[in-house]
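Engineer: Sequence first, then the predicted structure, then my questions.
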Amino acid sequence: MSNPLVQAFFVGRAAAEVLNERFEGAFTDALSELGKLDAELKEHMRSFSSEVMQRAERSAEAADARSGTYSTSAPGQTSSEPIDLQAMIDELRAEIALLRTELQRYRSGSV
């Protein structure tokens, strides 16, 4: 390799190969890290939404227990089953009538 032009060619080619391998490795590592980050973010979002839904359900159950109101589904009834709205309306009307009667008794006893 006494010819400087031939030597420059081989040095340039070797440098290009080394740079290509390093770039390829760096690019692969970057994509790998990006994939890990994406998977972690999805897991965190799933975990976050799951925790939010659990807390919301617990709060709704606690509120129902404190106020004595009806939930949207009857005990033993899954949310995919239809709700008998007319029966619920009839029950609410009966409770309202009972409360009116009790309120009238209270007012007549206080006056």
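Structural biologist: Okay, I see it.
Engineer: what's the distance between residue 6 and residue 17?
Structural biologist: 17 Å (C-beta to C-beta, to the nearest Å). Where C-beta positions appear, they are placed from N, C-alpha and C, glycine not excepted.
Engineer: try residue 42
Structural biologist: Distance from residue 42 to residue 17, by C-beta to C-beta: 38 Å.
Engineer: Now residue 84. Its backbone dihedrals?
Structural biologist: As for residue 84, its main-chain torsions (degrees, to the nearest 10) stand at phi -80, psi 90.
Engineer: Distance from whichever strand or helix holds residue 24 to the middle of the chain?
Structural biologist: If you go by DSSP states H and E, residue 24 is part of helix 4-67. Helix 4-67 sits 20 Å away from the centroid of its parent chain (C-alpha atoms, centre = their mean, to the nearest Å).
Engineer: which residues of this structure score low on pLDDT?
Structural biologist: 1, 68-82, 110-111 (pLDDT under 70).
Engineer: now residue 83, what's its secondary structure?
Structural biologist: Secondary structure assignment for residue 83 (DSSP: H, G, I helix; E, B strand; the rest coil): coil.
Engineer: what about it, neighbour count?
Structural biologist: With neighbours defined by other C-beta atoms under 10 Å, the count for residue 83 comes to 14.
Engineer: quick one: it from residue 49, how far?
Structural biologist: Using C-beta to C-beta, one obtains 25 Å as the distance from residue 83 to residue 49.
Engineer: for residue 108, same thing?
Structural biologist: For residue 108 relative to residue 49 (C-beta to C-beta), the value is 53 Å.
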